[in-house]
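J.: how would this look folded up:
(one chain, ligands or ions: 2)
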Amino acid sequence: MIKSDFASKLKDPTLLVEKAFVAGQWITARNGATFDVIDPATGQKIAAVPDLEVEEVNSAITAAHRAQKPWAKLTAKDRASSLRTFYDLIVASADDLAIILTAEMGKPLQEAKTEVLYGAAYVEWFAEQAKRIDGDVIPGYQLDKHIFVVKRPVGVVGAITPWNFPSAMLARKLAPALAVGCSLVAKPAAQTPLSALALGVLAERAGLPSGVLNVVTSTDAAMVGSTFCTSELVRKISFTGSTNVGRILMRQGADQIKKLSLELGGNAPFIVFDDADIDAAVEGAVVAKFRNAGQTCVCANRIYVQSGVYKEFSEKLSRRVSGLKVGNGFAKGTEIGPLIDGNAVKKVKEHLENALSLGACVTVGGKSGEPGEQFFSPTVLVGVTSEMKLAREETFGPLAPLFSFDTEEEVIQMANDTEFGLAGYFFSRDLARIFRVAEDLETGMVGVNTGLISTEMAPFGGIKQSGMGREGSKYGADDYVNIKYVCLSVA
Ligand SMILES: NC(=O)c1ccc[n+]([C@@H]2O[C@H](COP(=O)([O-])OP(=O)(O)OC[C@H]3O[C@@H](n4cnc5c(N)ncnc54)[C@H](O)[C@@H]3O)[C@@H](O)[C@H]2O)c1
Ligand SMILES: O=C[C@H](O)CS(=O)(=O)O
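T.: Ligands and ions are numbered 1, 2, ... in the order given. Alright, predicted model coming up:
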C-alpha cells in the first residue's frame, strides 16, 4: 500500500483499495502487473492498482453473468433495500470518498464532496424507483386474449466511465442498472480508479451479492471495451466519455446489436441576451464554465453575448474570474484545481494561442503553471469568432471565450452550428423569448437563467453526436430494461 499523506487524512483507510473487485473478491493481476495513480496537483504517485488483462476481464463478466439472474429474481423491494443501504454507506463515508477523489483527480475538496453526494443521490433515487418499474395490462384484441406488458432487466452491463467525475459517473450507471435487476462490470478511467474501487468496498458492505458489481482496472481500455462488445454475456454497454470512443464502441457493438447508452462530448453554448439580469448571467457563466476547472461535458464552451451588453458582461465576468483561487484541491479556499494531465493543459494552450492568432484578446488569466504542473489560470477571451478552434472543439479547461451577436436568429444559428448537442444555457427575462429559444436550441438539456442543471431527478443526456439514452429520472431506468409483451389466451 502506498502510504501517501492523503491516506493519513482518511477516517476509514480501508476505503483506499489497490486491488480490483471481481466476483466479490479483491484481486491482483495474475501476472502481478500494476499501474500508478498520480495526483495531478503534485505529479506524485499516490497508489498502484492491478493492470488486468483479458482473462481477468472475462472472469468479471462471467461472475456478473452468474450473479445477474438470482439478483433479478429478488423482489424489487429487496433490491431497493440493498441500494438504500448502499446509499446510506456512501453518505456516511462522503468525506473520505471526497479525499480519495481529490487525491486522484485534483478537483477542490468541496467540489469532490458535492460530486460524491450527487452520485449517491442517483443511488437513493433508483433505490426508490426499483419498486416502480411498472408494466401495463392492455385490453385484448379478441375476447379470449389478454395483453400484459412487463419490463425485464437487460442482463449484464459493461460500464466505462471517465476521469472527470470518477464517482458520480459510475453511480449514475450502477444505480439504475442494479435497481432493475442487471449486474455490472465497471471499468473506470486509468487516471482515477480509486473512487470506483471505494464504491466497490461500500457495495460489498451493503451486502450486494458477489458478482452483482465488479470493478476492473486496466490501462488497456481498448481491450476492455472490445471484450465487453464481443462477449455474448454482456448485453449492454453504458459509456460516458468522448464522442470518438463512443463511435468505436458503437462499431464494436454492432455485430451483436448491443444495447447502448452513450453520454458523450459537448460544445455547450451559453447565451446572454440584452434583457438578461447581467449579474445573474455572470454568476451563471462562472459555474457553467469553471466548475471542475472547466472539465465537465456540460461546460459552457462558447459564450455568446448580445452586443448591447457585451462590454458590461465582459468587464463584470473578467473581474469575477480574476478573484477565483487556483491551487491544490486540498488547500483551503481553492476554487480551481489542476487539470488532469499535461495533455489537458496542452489543449487549453492550443485553443488559446489559436484564438489569439486570429484576433482574440485576453482580459484575465492566460497563464499556465510551472513546467510539469497541471495548473491553468481561469481565462476570459474577448473578440472571439467562429473561425477559431475553440468554437468547434471541446476545450475541456478554464477558458471562457466571449462571442458577440446582434440578433436572436443569428445566435440560434451559431449555437446550433455544431455536431454536438448535450447542454445549452441562456439568460433572458423575456418570457416569449425564453419559450422560443428553449425550443430552438438543438441540445438534450437547456438551462434557462441558470448555469447548473445536473440532478438525479432529471433526464441527463444529449442528442446528435453527444450521445443517446438518458441517466437519472424515470427515463434513466428505461435504458436498462427490455419490454416484454405477453399475450394470454384464455376464454
Ligand atoms: N456526456 C457526459 O455525461 C459526459 C460526462 C463526462 C465526460 N464526458 C466526455 O468525456 C470526455 C473526457 O473524458 P475522457 O478523456 O476520460 O474521455 P475518453 O473517451 O478518453 O475516456 C473515457 C473512458 O473510456 C475509456 N476508453 C478510452 N479509449 C477506449 C476504447 N478504445 N475503448 C473503450 N474504452 C476506452 C477510458 O479509459 C475511460 O475510462 C469529454 O469529451 C467529455 O465531454 C461526457
Ligand atoms: O462531465 C459531465 C458530468 O455529467 C458531470 S455533471 O453531471 O454535469 O455534474
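J.: rest of the way, CA atoms for contacts and neighbours
T.: OK.
J.: Show me the residue sitting in the middle of the protein in space.
T.: Central residue of the chain (C-alpha atoms, centre = their mean): residue 169, 4.3 Å from the mean position.
J.: Shouldn't that one be within a helix?
T.: Yes: looking at residue 169 with DSSP: H, G, I helix; E, B strand; the rest coil, it is inside a helix.
J.: so it touches residue 159, yeah?
T.: No: under the criterion of C-alpha atoms under 8 Å, residue 169 lies out of contact with residue 159, with a separation of 9.7 Å.
J.: can you pull the contacts of residue 341?
T.: Under the criterion of C-alpha atoms under 8 Å, 6 or more residues apart in numbering, the contact partners of residue 341 comprise 40, 374.
J.: what about 6 Å?
T.: Residue 341 makes contacts with residue 374, as judged by C-alpha atoms under 6 Å, 6 or more residues apart in numbering.
J.: mind listing what residue 428 touches?
T.: 273, 275, 276.
J.: Identify the bridge partners of the residue nearest to the first one when sequence neighbours are not counted.
T.: This means residue 273. The shortest distance from residue 273 to any residue that is not its chain neighbour, by C-alpha to C-alpha, 6 or more residues apart in numbering, is 5.2 Å, and that residue is residue 306. Beta-bridge pairing of residue 306, defined through DSSP bridges, involves residue 405.
J.: how close does residue 306 sit to ligand 2?
T.: Separation of residue 306 from ligand 2 (C-alpha to the nearest ligand atom, to the nearest Å) stands at 26 Å.
J.: Same check on residue 327?
T.: 21 Å.
J.: Over to residue 484?
T.: Counting by C-alpha to the nearest ligand atom, the separation of residue 484 from ligand 2 is 31 Å.
J.: Number of residues surrounding the residue lying closest to that residue once chain neighbours are set aside?
T.: For residue 484, the nearest residue in space outside its immediate sequence neighbours is residue 150; the separation is 5.2 Å by C-alpha to C-alpha, 6+ apart. By the criterion of other C-alpha atoms under 10 Å, residue 150 has 15 neighbours.
J.: helix/strand/coil for residue 150?
T.: Each residue gets one of three states, and residue 150 gets strand by three-state DSSP.
J.: that older thread, show me what contacts the residue nearest to the centre of the chain?
T.: Shown here is residue 169, which makes no contacts under the criterion C-alpha under 6 Å, 6+ apart.
J.: switch the cut-off to 8 Å
T.: With contacts taken as C-alpha under 8 Å, 6+ apart, residue 169 has the following neighbours: 119, 161, 162, 240.
J.: where does the stretch 301-450 of the chain come near ligand 1, residue by residue?
T.: Where proximity means C-alpha under 6 Å from any ligand atom, the stretch 301-450 of the chain presents no interface facing ligand 1.
J.: pLDDT weak spots in the stretch 301-450 of the chain?
T.: Low-confidence segments of the stretch 301-450 of the chain, defined by pLDDT under 70, span residues 372.
J.: how about the strands in it?
T.: In chain order, the stretch 301-450 of the chain shows strands spanning 361-364, 379-384, 399-405, 423-427, 445-448, with DSSP state E, counting those that start in this stretch as the criterion.
J.: Out of these, which is the most enclosed?
T.: Comparing the strands of the stretch 301-450 of the chain by mean neighbour count (mean count of other C-alpha atoms under 10 Å), strand 423-427 ranks first with a mean of 28.
J.: so for stretch 82-97, what's the average pLDDT?
T.: Stretch 82-97 shows a mean pLDDT of 98 in the predicted model.
J.: change the start of the numbering to 53 and stick with it
T.: That works, and once the first residue is 53, the last one we named lands at stretch 134-149.
J.: ok, residue 129 touching residue 184?
T.: No: in this structure residue 129 lies outside contact range of residue 184 using C-alpha under 8 Å: 9.8 Å.
J.: hang on, residue 304 packs against residue 281?
T.: Yes: Residue 304 is in contact with residue 281 according to C-alpha under 8 Å; the separation is 5.8 Å.
J.: With neighbour numbers in mind, choose between those two.
T.: Residue environment comparison for residue 304 versus residue 281 gives the larger neighbour count to residue 281, 25 against 18, counting by other C-alpha under 10 Å.
J.: Could you confirm whether the helix or strand hosting the more buried one reaches ligand 1?
T.: Residue 281 is located in helix 273-282, with elements delineated by DSSP states H and E. Yes: under the criterion of C-alpha under 6 Å from any ligand atom, helix 273-282 makes contact with ligand 1 via 273, 274, 277.
J.: Of the contacts of residue 480 - the most surrounded one?
T.: Most neighbours among the contacts of residue 480, by other C-alpha under 10 Å: residue 325, with 26 neighbours.
J.: Where does the stretch 403-543 of the chain get nearest to ligand 2, which residue?
T.: Shortest the stretch 403-543 of the chain-to-ligand 2 distance, computed as C-alpha to the nearest ligand atom: residue-wise this is residue 506, at 4.9 Å.
J.: Helices of the stretch 53-202 of the chain, start to end?
T.: Taking DSSP state H, counting those that start in this stretch to define them, one finds helices in the stretch 53-202 of the chain at 106-125, 128-144, 146-157, 161-181.
J.: what residues does the last one touch?
T.: The reference is to helix 161-181. Identification of contacts with helix 161-181 by C-alpha under 8 Å, 6+ apart yields 131-136, 138-139, 142-143, 146-147, 149-151, 153-154, 217, 219-224, 226-228, 231, 344, 381-382, 507-509, 524-526.
J.: Can you add neighbour count and pLDDT and give the contacts of residue 221 back as JSON lines?
T.: Formatted as JSON lines, the contacts of residue 221 follow (neighbours: other C-alpha atoms under 10 Å; pLDDT from 0 to 100):
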{"residue": "171", "neighbour count": "27", "pLDDT": "98"}
{"residue": "213", "neighbour count": "26", "pLDDT": "98"}
{"residue": "214", "neighbour count": "20", "pLDDT": "98"}
{"residue": "292", "neighbour count": "23", "pLDDT": "98"}
